[in-house]
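In: here you go, sequence then predicted model.
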Amino acid sequence: MNLTENSFVDFSLVMPAYNEEENIGPLVERIEKMMSDIPGVYEIIIVNNGSNDSTPLVLNKLLKTHPNLIALTLTRNFGYDGAIIAGLEISQGRKVIIMDGDQQDPPEVIPEFISKSEEGFDIVYGIRSKRTEGWFISAQIKIFYRLMGKIVNFDLPKDAGNFSIITREVVDIINSMPERNKFIRGLRAWSGLSSTGLVYKRDERSLGQSKFSFFSYFNHALNGITSFSTVPLRLFTYLGIWGMSISLLVALFFLITKIGEMIGIDLVAYKIVSGWTPLALIMLAGISLNFLGFGIVGEYVGRIFEEVKNRPHYLIRSIAYGKEVESRK
(Lines give C-alpha, C1' and ligand atoms only; values in the text may rest on other atoms or scores of the structure.)
Protein backbone atom coordinates (compact mmCIF):
# COMPACT_ATOMS: atom_id res chain seq x y z
CA MET A 1 0.00 0.00 0.00
CA ASN A 2 1.20 3.50 -0.79
CA LEU A 3 2.20 5.45 2.32
CA THR A 4 0.47 8.60 1.12
CA GLU A 5 -2.88 6.79 1.08
CA ASN A 6 -2.97 6.66 4.85
CA SER A 7 -2.10 8.99 7.70
CA PHE A 8 -0.58 6.34 9.91
CA VAL A 9 1.79 3.39 9.73
CA ASP A 10 0.64 -0.13 10.50
CA PHE A 11 4.02 -1.84 10.75
CA SER A 12 7.52 -0.59 11.52
CA LEU A 13 10.42 -2.98 11.00
CA VAL A 14 13.46 -2.07 13.11
CA MET A 15 16.86 -3.59 12.35
CA PRO A 16 20.26 -2.71 13.83
CA ALA A 17 23.15 -3.07 11.37
CA TYR A 18 26.85 -3.00 12.14
CA ASN A 19 29.14 -3.68 9.18
CA GLU A 20 26.42 -5.52 7.26
CA GLU A 21 27.21 -4.19 3.77
CA GLU A 22 26.62 -7.63 2.25
CA ASN A 23 23.34 -8.33 4.02
CA ILE A 24 21.16 -5.23 4.17
CA GLY A 25 20.45 -5.08 0.43
CA PRO A 26 19.20 -8.68 0.09
CA LEU A 27 17.41 -8.36 3.44
CA VAL A 28 15.43 -5.28 2.36
CA GLU A 29 14.46 -7.07 -0.87
CA ARG A 30 13.21 -10.10 1.08
CA ILE A 31 11.27 -7.91 3.52
CA GLU A 32 9.55 -5.91 0.79
CA LYS A 33 8.60 -9.09 -1.02
CA MET A 34 6.86 -10.36 2.13
CA MET A 35 5.30 -7.06 3.17
CA SER A 36 3.83 -6.41 -0.29
CA ASP A 37 1.34 -9.22 0.35
CA ILE A 38 0.32 -7.92 3.78
CA PRO A 39 -2.43 -5.26 3.95
CA GLY A 40 -1.32 -2.05 5.60
CA VAL A 41 1.30 0.68 5.54
CA TYR A 42 4.83 -0.22 6.58
CA GLU A 43 8.23 1.36 7.06
CA ILE A 44 11.66 -0.27 7.24
CA ILE A 45 14.06 1.34 9.71
CA ILE A 46 17.69 0.30 9.42
CA VAL A 47 19.91 1.65 12.20
CA ASN A 48 23.50 2.01 11.03
CA ASN A 49 25.26 1.43 14.33
CA GLY A 50 28.59 3.12 13.60
CA SER A 51 29.56 0.84 10.71
CA ASN A 52 33.05 1.33 9.30
CA ASP A 53 32.52 -0.63 6.09
CA SER A 54 30.37 0.30 3.07
CA THR A 55 27.06 0.03 4.92
CA PRO A 56 26.36 3.82 4.63
CA LEU A 57 26.93 3.73 0.86
CA VAL A 58 24.66 0.71 0.47
CA LEU A 59 21.95 2.47 2.47
CA ASN A 60 22.17 5.57 0.29
CA LYS A 61 21.64 3.44 -2.82
CA LEU A 62 18.74 1.58 -1.23
CA LEU A 63 17.00 4.85 -0.34
CA LYS A 64 16.74 5.71 -4.04
CA THR A 65 14.93 2.51 -4.93
CA HIS A 66 13.02 1.63 -1.75
CA PRO A 67 10.53 4.39 -0.84
CA ASN A 68 9.52 2.75 2.47
CA LEU A 69 13.06 2.83 3.86
CA ILE A 70 14.45 4.97 6.69
CA ALA A 71 18.22 5.00 7.23
CA LEU A 72 19.15 6.12 10.74
CA THR A 73 22.91 6.58 11.20
CA LEU A 74 24.42 6.84 14.69
CA THR A 75 27.68 8.67 15.41
CA ARG A 76 29.33 5.47 16.67
CA ASN A 77 28.48 2.00 17.88
CA PHE A 78 26.11 2.38 20.84
CA GLY A 79 25.65 -1.32 21.39
CA TYR A 80 23.10 -3.77 20.06
CA ASP A 81 20.26 -2.72 22.36
CA GLY A 82 21.19 0.96 21.95
CA ALA A 83 20.65 0.68 18.19
CA ILE A 84 17.28 -1.01 18.70
CA ILE A 85 16.22 1.75 21.11
CA ALA A 86 17.14 4.36 18.49
CA GLY A 87 14.94 2.60 15.95
CA LEU A 88 12.05 2.20 18.37
CA GLU A 89 12.08 5.88 19.27
CA ILE A 90 11.63 7.05 15.67
CA SER A 91 9.21 4.28 14.68
CA GLN A 92 5.63 5.25 13.87
CA GLY A 93 4.02 1.86 13.45
CA ARG A 94 0.95 0.60 15.25
CA LYS A 95 3.02 -2.56 15.64
CA VAL A 96 6.80 -2.88 15.53
CA ILE A 97 8.79 -5.85 14.30
CA ILE A 98 12.32 -6.13 15.72
CA MET A 99 14.79 -8.30 13.84
CA ASP A 100 18.52 -8.61 13.18
CA GLY A 101 20.11 -7.06 10.12
CA ASP A 102 22.24 -10.08 9.20
CA GLN A 103 19.53 -12.12 7.42
CA GLN A 104 19.51 -14.78 10.13
CA ASP A 105 16.01 -13.79 11.25
CA PRO A 106 14.02 -14.88 8.16
CA PRO A 107 11.53 -12.28 6.87
CA GLU A 108 9.49 -15.16 5.47
CA VAL A 109 8.05 -15.85 8.95
CA ILE A 110 6.89 -12.23 9.45
CA PRO A 111 3.32 -13.11 8.30
CA GLU A 112 3.18 -15.75 11.04
CA PHE A 113 4.25 -13.19 13.65
CA ILE A 114 1.64 -10.71 12.42
CA SER A 115 -1.09 -13.37 12.34
CA LYS A 116 -0.28 -14.42 15.90
CA SER A 117 -0.23 -10.79 17.03
CA GLU A 118 -3.66 -10.19 15.52
CA GLU A 119 -5.03 -12.84 17.89
CA GLY A 120 -4.71 -10.19 20.60
CA PHE A 121 -1.19 -10.59 21.94
CA ASP A 122 0.83 -7.47 22.76
CA ILE A 123 4.09 -9.38 22.39
CA VAL A 124 4.92 -12.26 20.07
CA TYR A 125 8.53 -13.32 20.55
CA GLY A 126 10.51 -15.74 18.43
CA ILE A 127 11.85 -18.99 19.88
CA ARG A 128 14.65 -20.53 17.87
CA SER A 129 14.08 -24.19 17.09
CA LYS A 130 17.85 -24.64 17.04
CA ARG A 131 20.70 -22.35 18.05
CA THR A 132 23.49 -21.72 15.54
CA GLU A 133 26.21 -20.23 17.76
CA GLY A 134 28.05 -23.47 18.54
CA TRP A 135 27.60 -25.82 21.48
CA PHE A 136 29.62 -23.83 24.05
CA ILE A 137 27.89 -20.46 23.59
CA SER A 138 24.51 -22.18 23.14
CA ALA A 139 25.00 -23.93 26.49
CA GLN A 140 25.93 -20.66 28.19
CA ILE A 141 22.86 -18.93 26.75
CA LYS A 142 20.64 -21.75 27.99
CA ILE A 143 22.17 -21.46 31.46
CA PHE A 144 21.65 -17.69 31.39
CA TYR A 145 17.93 -17.98 30.65
CA ARG A 146 17.44 -20.59 33.37
CA LEU A 147 19.36 -18.45 35.85
CA MET A 148 17.45 -15.29 34.92
CA GLY A 149 14.18 -17.15 35.31
CA LYS A 150 15.12 -17.97 38.91
CA ILE A 151 16.30 -14.54 40.06
CA VAL A 152 13.86 -12.06 38.48
CA ASN A 153 10.42 -11.34 39.89
CA PHE A 154 8.57 -11.67 36.58
CA ASP A 155 8.18 -14.36 33.93
CA LEU A 156 11.08 -14.23 31.48
CA PRO A 157 10.42 -16.59 28.55
CA LYS A 158 13.17 -19.15 28.04
CA ASP A 159 15.17 -18.94 24.81
CA ALA A 160 13.25 -15.88 23.58
CA GLY A 161 15.30 -13.72 21.24
CA ASN A 162 14.84 -10.14 20.10
CA PHE A 163 13.03 -11.23 16.91
CA SER A 164 9.50 -10.21 17.83
CA ILE A 165 6.46 -8.12 17.06
CA ILE A 166 5.22 -5.75 19.76
CA THR A 167 2.34 -3.30 19.97
CA ARG A 168 2.70 0.45 20.23
CA GLU A 169 1.84 0.19 23.93
CA VAL A 170 4.89 -2.01 24.54
CA VAL A 171 7.08 0.31 22.46
CA ASP A 172 5.94 3.33 24.46
CA ILE A 173 6.67 1.53 27.73
CA ILE A 174 10.20 0.62 26.61
CA ASN A 175 10.83 4.15 25.31
CA SER A 176 9.62 5.65 28.60
CA MET A 177 12.11 3.69 30.71
CA PRO A 178 14.80 6.17 31.88
CA GLU A 179 17.72 3.77 32.39
CA ARG A 180 20.81 4.09 30.20
CA ASN A 181 21.43 0.38 29.63
CA LYS A 182 18.22 -1.16 28.39
CA PHE A 183 17.89 -4.93 28.12
CA ILE A 184 15.15 -5.11 25.50
CA ARG A 185 13.90 -8.66 25.97
CA GLY A 186 13.87 -8.13 29.74
CA LEU A 187 11.88 -4.88 29.55
CA ARG A 188 9.54 -6.53 27.07
CA ALA A 189 8.71 -9.29 29.56
CA TRP A 190 8.77 -6.91 32.56
CA SER A 191 5.82 -4.98 31.09
CA GLY A 192 3.57 -7.90 31.99
CA LEU A 193 1.46 -7.44 28.86
CA SER A 194 0.02 -10.44 27.06
CA SER A 195 2.65 -12.46 25.23
CA THR A 196 3.23 -15.73 23.44
CA GLY A 197 6.10 -17.46 21.68
CA LEU A 198 6.46 -18.54 18.07
CA VAL A 199 8.96 -21.26 17.18
CA TYR A 200 10.92 -20.57 14.00
CA LYS A 201 14.05 -21.83 12.27
CA ARG A 202 16.81 -19.25 12.46
CA ASP A 203 19.01 -19.25 9.37
CA GLU A 204 22.74 -19.77 9.39
CA ARG A 205 24.76 -16.66 8.59
CA SER A 206 25.55 -16.86 4.88
CA LEU A 207 27.34 -13.53 4.35
CA GLY A 208 29.80 -11.62 6.51
CA GLN A 209 31.09 -12.40 9.98
CA SER A 210 29.20 -12.51 13.26
CA LYS A 211 29.80 -9.43 15.43
CA PHE A 212 29.09 -11.36 18.64
CA SER A 213 31.86 -13.06 20.58
CA PHE A 214 31.78 -14.97 23.86
CA PHE A 215 32.56 -11.74 25.72
CA SER A 216 29.76 -9.92 23.88
CA TYR A 217 27.28 -12.54 25.06
CA PHE A 218 28.78 -12.48 28.56
CA ASN A 219 28.50 -8.69 28.83
CA HIS A 220 24.95 -8.84 27.47
CA ALA A 221 24.05 -11.45 30.09
CA LEU A 222 25.66 -9.42 32.87
CA ASN A 223 23.69 -6.37 31.75
CA GLY A 224 20.48 -8.38 31.86
CA ILE A 225 21.13 -9.75 35.35
CA THR A 226 22.17 -6.43 36.91
CA SER A 227 19.26 -4.64 35.21
CA PHE A 228 16.57 -6.73 36.81
CA SER A 229 17.85 -8.37 39.98
CA THR A 230 19.75 -7.63 43.18
CA VAL A 231 20.01 -11.35 43.99
CA PRO A 232 23.79 -11.42 43.28
CA LEU A 233 24.28 -8.76 45.97
CA ARG A 234 21.96 -10.53 48.38
CA LEU A 235 23.76 -13.79 47.70
CA PHE A 236 26.93 -12.41 49.25
CA THR A 237 24.98 -11.32 52.32
CA TYR A 238 23.81 -14.91 52.68
CA LEU A 239 27.33 -16.22 52.04
CA GLY A 240 28.67 -13.88 54.72
CA ILE A 241 26.13 -15.13 57.27
CA TRP A 242 26.81 -18.73 56.24
CA GLY A 243 30.58 -18.21 56.47
CA MET A 244 30.31 -16.66 59.94
CA SER A 245 28.14 -19.54 61.13
CA ILE A 246 30.57 -22.15 59.79
CA SER A 247 33.51 -20.27 61.33
CA LEU A 248 31.85 -20.23 64.75
CA LEU A 249 31.06 -23.95 64.53
CA VAL A 250 34.63 -24.78 63.45
CA ALA A 251 36.06 -22.59 66.23
CA LEU A 252 33.82 -24.31 68.77
CA PHE A 253 34.88 -27.72 67.44
CA PHE A 254 38.59 -26.88 67.74
CA LEU A 255 38.07 -25.44 71.24
CA ILE A 256 36.32 -28.57 72.48
CA THR A 257 38.93 -30.79 70.79
CA LYS A 258 41.76 -28.82 72.43
CA ILE A 259 40.14 -29.07 75.84
CA GLY A 260 39.77 -32.81 75.29
CA GLU A 261 43.48 -33.13 74.46
CA MET A 262 44.39 -31.19 77.63
CA ILE A 263 42.45 -33.57 79.86
CA GLY A 264 43.56 -36.66 77.95
CA ILE A 265 40.35 -37.43 76.08
CA ASP A 266 40.49 -38.05 72.30
CA LEU A 267 37.26 -36.63 70.93
CA VAL A 268 38.15 -37.48 67.30
CA ALA A 269 39.56 -40.70 65.91
CA TYR A 270 42.10 -38.94 63.67
CA LYS A 271 44.73 -36.29 64.07
CA ILE A 272 43.66 -32.83 62.91
CA VAL A 273 45.91 -31.61 60.11
CA SER A 274 48.01 -28.64 61.06
CA GLY A 275 50.43 -26.46 59.11
CA TRP A 276 50.41 -23.97 56.25
CA THR A 277 48.69 -25.99 53.48
CA PRO A 278 45.11 -25.99 54.84
CA LEU A 279 45.56 -22.39 56.02
CA ALA A 280 46.77 -21.30 52.56
CA LEU A 281 43.83 -23.02 50.86
CA ILE A 282 41.35 -21.37 53.21
CA MET A 283 42.94 -17.96 52.67
CA LEU A 284 42.97 -18.41 48.87
CA ALA A 285 39.29 -19.39 48.87
CA GLY A 286 38.44 -16.41 51.08
CA ILE A 287 40.40 -13.95 48.94
CA SER A 288 38.80 -15.30 45.74
CA LEU A 289 35.35 -14.95 47.27
CA ASN A 290 36.14 -11.39 48.33
CA PHE A 291 37.28 -10.43 44.84
CA LEU A 292 34.15 -11.97 43.35
CA GLY A 293 32.03 -10.02 45.81
CA PHE A 294 33.86 -6.77 45.07
CA GLY A 295 33.41 -7.45 41.35
CA ILE A 296 29.65 -7.90 41.70
CA VAL A 297 29.34 -4.79 43.86
CA GLY A 298 31.47 -2.96 41.29
CA GLU A 299 29.06 -3.93 38.51
CA TYR A 300 26.15 -2.36 40.36
CA VAL A 301 28.18 0.72 41.32
CA GLY A 302 29.22 1.04 37.68
CA ARG A 303 25.58 0.98 36.61
CA ILE A 304 24.79 3.73 39.12
CA PHE A 305 27.73 5.74 37.74
CA GLU A 306 26.37 5.39 34.20
CA GLU A 307 22.86 6.35 35.27
CA VAL A 308 23.79 9.50 37.21
CA LYS A 309 25.72 10.88 34.23
CA ASN A 310 22.35 10.97 32.45
CA ARG A 311 23.88 10.82 28.99
CA PRO A 312 21.64 10.02 26.00
CA HIS A 313 21.24 6.42 24.87
CA TYR A 314 22.69 7.29 21.47
CA LEU A 315 23.63 10.20 19.21
CA ILE A 316 22.27 10.55 15.68
CA ARG A 317 24.52 11.57 12.82
CA SER A 318 21.80 11.63 10.18
CA ILE A 319 18.35 10.38 9.21
CA ALA A 320 17.46 9.81 5.57
CA TYR A 321 14.05 8.86 4.22
CA GLY A 322 12.77 7.05 1.16
CA LYS A 323 10.45 9.06 -1.09
CA GLU A 324 7.15 7.83 0.32
CA VAL A 325 8.27 8.18 3.92
CA GLU A 326 9.46 11.70 3.13
CA SER A 327 6.09 12.56 1.62
CA ARG A 328 4.44 11.57 4.88
CA LYS A 329 6.50 14.06 6.89
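Out: Thanks, I have it.
In: need the strands for the chain, in chain order.
Out: Counting by DSSP state E, the chain has these strands, from start to end: 9-17, 42-48, 69-74, 93-98, 123-128, 160-167, 195-200, 316-321.
In: in CSV: those strands, plus mean pLDDT.
Out: Compiled in CSV, those are given as follows (pLDDT from 0 to 100):
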stretch, mean pLDDT
strand 9-17, 95
strand 42-48, 96
strand 69-74, 96
strand 93-98, 96
strand 123-128, 91
strand 160-167, 90
strand 195-200, 91
strand 316-321, 92
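In: which one of these lies closest to residue 173?
Out: Closest of the strands of the chain to residue 173 is strand 160-167, at 9.3 Å (criterion: CB to CB). (Glycine included, C-beta is placed from N, CA and C.)
In: residues near residue 299, how many?
Out: Neighbourhood size, residue 299 [other CB atoms under 10 Å]: 15.
In: next one: the residue nearest to it when sequence neighbours are not counted, what pLDDT does it get?
Out: Closest residue to residue 299 apart from its sequence neighbours, by CB to CB, 6 or more residues apart in numbering: residue 226 at 5.3 Å. Looking at residue 226, its pLDDT stands at 70.
In: please apply the same query to residue 50.
Out: Residue 50 carries a pLDDT value of 90.
In: let me know the distance separating the spatially closest residue to it that is not a sequence neighbour from residue 222.
Out: Nearest-residue entry for residue 50: residue 77, 3.7 Å, with adjacent residues in sequence omitted and distances by CB to CB, 6+ apart. Here residue 77 is placed at a distance of 18 Å from residue 222 (CB to CB, to the nearest Å).
In: of the two, who's got more company?
Out: Using other CB under 10 Å as the criterion, residue 77 and residue 222 rank with residue 77 on top: 18 against 14.
In: wait, doesn't that one sit right on residue 18?
Out: Yes. With contact defined as CB atoms under 8 Å, residue 77 reaches residue 18; the gap is 6.1 Å.
In: mutual contacts of the two, please.
Out: Common neighbours of residue 77 and residue 18, using CB atoms under 8 Å, 6 or more residues apart in numbering, are 49, 50.
In: about what we covered before: next, format the strands of the chain as a markdown table and append distance to residue 306 and mean neighbour count.
Out: Listed next are these as a markdown table, based on distance: least, CB to CB, whole Å; neighbours: other CB atoms under 10 Å:
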| stretch | distance to residue 306 | mean neighbour count |
| --- | --- | --- |
| strand 9-17 | 20 | 25 |
| strand 42-48 | 21 | 26 |
| strand 69-74 | 18 | 24 |
| strand 93-98 | 23 | 24 |
| strand 123-128 | 27 | 22 |
| strand 160-167 | 22 | 23 |
| strand 195-200 | 29 | 17 |
| strand 316-321 | 20 | 14 |
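In: now those strands in TSV, with distance to residue 173?
Out: Output for those, formatted as TSV (distance: least, CB to CB, whole Å):
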stretch	distance to residue 173
strand 9-17	16
strand 42-48	19
strand 69-74	21
strand 93-98	12
strand 123-128	11
strand 160-167	9
strand 195-200	13
strand 316-321	22
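In: those strands: which one's closest to residue 185?
Out: Across the strands of the chain, closest to residue 185 is strand 160-167 (CB to CB), at 5.9 Å.
In: angle of the closest one against strand 123-128?
Out: 150 degrees (axes from the mean of the first three to the mean of the last three CA atoms, to 10 degrees).
In: other SSEs contacting strand 160-167?
Out: Applying 3 or more CB pairs under 8 Å, 6 or more residues apart in numbering; DSSP states H and E, we find strand 160-167 packed against strand 93-98, helix 110-117, strand 123-128, helix 184-190.
In: on contacts alone, who are the packing partners of the longest one?
Out: Applying 3+ CB pairs under 8 Å, 6+ apart, we find helix 110-117 packed against helix 24-35, strand 93-98, strand 123-128, strand 160-167, strand 195-200.
In: cool, and the last one?
Out: Helix 184-190 sits against helix 80-90, strand 123-128, strand 160-167, helix 168-176, helix 214-228, with contacts defined as 3+ CB pairs under 8 Å, 6+ apart.
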